[in-house]
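Chemist: sequence first, predicted model second:
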Number of protein chains: 2
Amino acid sequence: MTATIKDVAREAKVSVASVSRALNGSGGVTPATEQRIREAATRLRYVPHGAARSLITKRTHTVGALMPDLHGEFFSELIRGIDLEARSHGLHLLVSSSHDGVDDAAAALRAMQGRVDGIVILSSPRVDAAFLDANLPEGLPTVLLNSGVKGTAHAVLNIDNFAGTYAMVRHLAGLGHKRIALVSGPKDNFDAQQREAGFRAAMAELAPNEPLRVVAGDFSEQSGYQAGLELLALKTRPQAVFAANDMMAVGCLQAFKEAGVEVPGEIALAGFDDIPIARYVTPSLSTVRVRIADLGKNAMDLLADLMDRPGVSAASVHTLGCDIVVRESCGAQRGAAAGATTKKTQRKPVR
Amino acid sequence: MTATIKDVAREAKVSVASVSRALNGSGGVTPATEQRIREAATRLRYVPHGAARSLITKRTHTVGALMPDLHGEFFSELIRGIDLEARSHGLHLLVSSSHDGVDDAAAALRAMQGRVDGIVILSSPRVDAAFLDANLPEGLPTVLLNSGVKGTAHAVLNIDNFAGTYAMVRHLAGLGHKRIALVSGPKDNFDAQQREAGFRAAMAELAPNEPLRVVAGDFSEQSGYQAGLELLALKTRPQAVFAANDMMAVGCLQAFKEAGVEVPGEIALAGFDDIPIARYVTPSLSTVRVRIADLGKNAMDLLADLMDRPGVSAASVHTLGCDIVVRESCGAQRGAAAGATTKKTQRKPVR
DNA sequence: AGCTTCCATGAAAACGTTTACGTTCGCCCT
DNA sequence: AGGGCGAACGTAAACGTTTTCATGGAAGCT
């Protein structure tokens, strides 16, 4: 079918060893014969058989990406960042997404065994330390994304949820809002936990005398809508609402609109993530921007590092900063134009 | 390091051949010894070495996905659909995205050589018949997505752009609009071409006496905004505007808003794709819905079919229908509630 | 009881590479 | 001029599987 190294050797009248050496640049080959070999190779459209190669070298030049079942921008941008960086490291990307259950993820992990040189894992609540210990092949370089697991065996890369939230709350407080409410995320979600912690810390420092207003959400638009209704029903209505993600903020916004409560006039609103929709709702949504592609890129860099090392001291924790994006919904841009196209947004990096 | 088949054989006191047979269910093994082998395997945490296996079987159980550099929903949903279906076929997914140039894509294709049993290629204008002939290994099962290439060697799966556009134009015409303008997409984009063809066909049939109003866009929001301005400047303003994708429709909408032209009151608007943003702009955007995950799933099914066959008669062309989604921007729901959460949208399948 | 048949099992080849180890040969050095 | 040395190249082993073929023995048949 397709040409093998033997065919090239015969064509160039050398041994297979010389072909291998010439094509891999391992030296020990005369420029003249190297040229002859290269010509023979292209003439036969020779491409080395990856499986055979990795059988002997024990390297697959492939990294795996294991992700829960998620839709939308986050997924695609993350893959994009990882893939781009992987390519620049000469690596391929084996994707296994859409894992709902533990068994599902375990099977995927097992199937990756021996097909990849390293793995990036985007955490879901199911993926905890115990799961990793049980299912990760020992010694396989691993980077955990957005994970609370402080394992000793793998690197962890997190979004700086805490600082991002803190900065946004400070921004809101700076606009004069003291009664700030939080719409929190799922209890078992790591990002949600950190965002709530950031909120509590910021409030403790910036508005220590205010009672804490936290209403529970689950990151869905629907739960944001519900939370919005609850907040409006409060005896003393908050001046500002910080939703732990943008979808919930959008839900809130909808509830406020339907109730005829003006945003940001009567109540300010902010979210977290900067999903594309945030720019297009009316009023446009102030939020904390996560540079997802960068997250993927950094994760890949981290992984490449781990793979180069002799596997010692893999444990480390890294953090990716985020920016706050000021649009209309928080009331800081009262005079700004309202156009999506012409709209100006201010962006400040956190820290 | 990790256990090999020999270790299992020793542990179970049989030959490697028996281990292979037992674990692959090839028969010819006593239930008793099979059990013994299975126990030994799990005890040693044995996982077959993929590379070694595919070296001899010539199957990688992996399919490749080659895609241009695109962001957002389309990418993630497509991958999601492909991955999900691949898994149900027992296949892995090797992704190579973000290819801007021809050389880039060619290199990626070459690198996939021997690592995959089949490929799904999402077309970009650069990927034409000549490119495929030059870079696709002969006999490798291939499915082309959204491609104008009518090759004899691969299967092609397209969105039914024509019917989708036709249906939307018919819907607009049914609302009484006869002067309908098109904002077209990039000239070299296959989807854009088909959508324009659908538009022309529909207009020829439904409003044969109207002069054709087509203004050029490039699928970007910015170009939609420009197109919107051009349309407003026309001597006889159109009653409805059909944008060849949603991003341009959003740009149009912005232009209309800034000019104080009411949508859908003074001018109706529709797009194509049903991106998530479409639901959240005000007024919400009527559009043609493409079930992207289904597209990926069908592509994968097609590919799996090709891989099972002895590679004969791969050529075929398939089409995936789309639905029109009626929201506020086309003026059909004058009395409907405006809420995103409570918003009701009608969906009709095309044909 | 003897012969055939069949089934479980083992030995070994094959897949396409890389690489450690020999071998050959030309060259330099004294 | 002869011995040694290093560069270029070839031979063969190794990687971990699957699979073909051979072998043995038990079971079935006459």
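Modeler: Structure received.
Chemist: from now on I want contacts and neighbour counts done on CA atoms only, so please keep to that.
Modeler: Noted.
Chemist: can you report phi and psi for the nearest residue to A:H49 once chain neighbours are set aside?
Modeler: Nearest residue to A:H49, sequence neighbours excluded (CA to CA, 6 or more residues apart in numbering or on different chains): B:G114, at 5.9 Å. According to degrees, to the nearest 10, the main-chain angles of B:G114 amount to phi 80, psi -10.
Chemist: let me see the ranges of the strands in the stretch 251-351 of chain A.
Modeler: A:268-270, A:287-289, A:316-320, A:323-326, A:346-349 (DSSP state E, counting those that start in this stretch).
Chemist: least confident of these, on average?
Modeler: For those, the weakest mean pLDDT is recorded on strand A:346-349, namely a mean of 63.
Chemist: thinking again about what came up before, mean neighbour count added to the strands of the stretch 251-351 of chain A, as CSV?
Modeler: Putting the strands of the stretch 251-351 of chain A into CSV (neighbours: other CA atoms under 10 Å in any protein chain shown) gives the following:
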stretch, mean neighbour count
strand A:268-270, 29
strand A:287-289, 28
strand A:316-320, 15
strand A:323-326, 24
strand A:346-349, 14
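Chemist: which one of the ones you listed lies closest to B:S316?
Modeler: Distance to B:S316, taken as CA to CA, is lowest for strand A:287-289 among the strands of the stretch 251-351 of chain A, at 44.7 Å.
Chemist: and the closest one, what does it pack onto?
Modeler: helix A:161-174, strand A:323-326 (3 or more CA pairs under 8 Å, 6 or more residues apart in numbering or on different chains; DSSP states H and E).
Chemist: quick one: contacts of that strand?
Modeler: Residues from elsewhere that reach strand A:287-289 (CA atoms under 8 Å, 6 or more residues apart in numbering or on different chains): A:164-165, A:168, A:246, A:270-274, A:278, A:322-327.
Chemist: the helix or strand hosting A:S96 pairs with which strands, and in what direction?
Modeler: A:S96 belongs to strand A:92-99 when elements are defined using DSSP states H and E. Paired strands of strand A:92-99, with direction, are strand A:62-68 (parallel), strand B:92-99 (antiparallel) (DSSP bridges).
Chemist: ok, A:A52 to A:D305 distance?
Modeler: 25 Å (CA to CA, to the nearest Å).
Chemist: between these two, which is the more surrounded one?
Modeler: A:A52 (17 against 14; other CA atoms under 10 Å in any protein chain shown).
Chemist: wait, that one touches B:L55, no?
Modeler: Yes - applying CA atoms under 8 Å, one finds A:A52 in contact with B:L55, separated by 5.7 Å.
Chemist: mean pLDDT added to the strands paired with strand A:92-99, as JSON lines?
Modeler: Shown next, in JSON lines, are those (pLDDT from 0 to 100):
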{"stretch": "strand A:62-68", "mean pLDDT": "94"}
{"stretch": "strand B:92-99", "mean pLDDT": "89"}
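Chemist: could these be laid out in a markdown table, adding distance to A:V29?
Modeler: As requested, these are exported to a markdown table (distance: least, CA to CA, whole Å):
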| stretch | distance to A:V29 |
| --- | --- |
| strand A:62-68 | 29 |
| strand B:92-99 | 34 |
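Chemist: same list (the ones you listed) but as a markdown table, adding mean neighbour count.
Modeler: Below are the strands paired with strand A:92-99 laid out as a markdown table (neighbours: other CA under 10 Å):
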| stretch | mean neighbour count |
| --- | --- |
| strand A:62-68 | 23 |
| strand B:92-99 | 23 |
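Chemist: show me the contacts for A:R200.
Modeler: A:R200 neighbours (CA under 8 Å, 6+ apart): A:L212.
Chemist: avg pLDDT for the strand or helix carrying it?
Modeler: A:R200 belongs to helix A:190-206 when elements are defined using DSSP H and E. Mean pLDDT, helix A:190-206: 96.
Chemist: contacts for whatever helix or strand comes next after it next, please.
Modeler: Sequence order places strand A:213-216 as the next helix or strand after helix A:190-206, per DSSP H and E. Strand A:213-216 is contacted by residues A:180-186, A:227, A:230-231 when judged by CA under 8 Å, 6+ apart.
Chemist: same check, this time on stretch A:4-14
Modeler: Against stretch A:4-14 from outside (CA under 8 Å, 6+ apart): A:15-16, A:18-20, A:36-37, A:40-41, A:44, A:46-49.
Chemist: near DNA strand D, from those residues?
Modeler: Contacts with DNA strand D are made by A:15-16, A:18 out of the contacts of stretch A:4-14, judged by CA under 7 Å from any atom of the strand.
Chemist: among those, which one has the most neighbours?
Modeler: Neighbour max across those (other CA under 10 Å) = A:S18, 22 neighbours.
Chemist: pLDDT wise, what is it at?
Modeler: For A:S18, pLDDT reads 95.
Chemist: so what's it up against?
Modeler: Here A:S18 is in contact with A:9, A:29 (CA under 8 Å, 6+ apart).
Chemist: how near is it to B:G296?
Modeler: A:S18 is 44 Å from B:G296, by CA to CA.
Chemist: same check on A:S316?
Modeler: From A:S316 to B:G296 the distance is 37 Å (CA to CA).
Chemist: nearest to A:G251 among the contacts of strand A:213-216?
Modeler: Using CA to CA, those come closest to A:G251 at A:A227, 8.3 Å.
Chemist: and that closest one, what is it in contact with?
Modeler: Neighbours of A:A227 in contact, by CA under 8 Å, 6+ apart: A:183, A:215-217, A:252.
Chemist: secondary structure class of it, three-state.
Modeler: helix (DSSP: H, G, I helix; E, B strand; the rest coil).
Chemist: try the one 3 residues further on
Modeler: The three-state label for A:E230, taken from three-state DSSP, comes out as helix.
Chemist: ok, and the closest non-adjacent residue to it?
Modeler: A:V215 (7.9 Å).
Chemist: ok, what's across the strand from that neighbour?
Modeler: A:V183.
Chemist: just give me the neighbour total for it.
Modeler: Residues near A:V215, counting by other CA under 10 Å: 18.
Chemist: what residues does chain A have near DNA strand D?
Modeler: A:13-18, A:27-30, A:33-34, A:52, A:55-56.
Chemist: which members of the residues you listed are positioned in helices?
Modeler: The members of the residues of chain A next to DNA strand D that map onto helices under DSSP state H are A:16-18, A:33-34, A:52, A:55-56.
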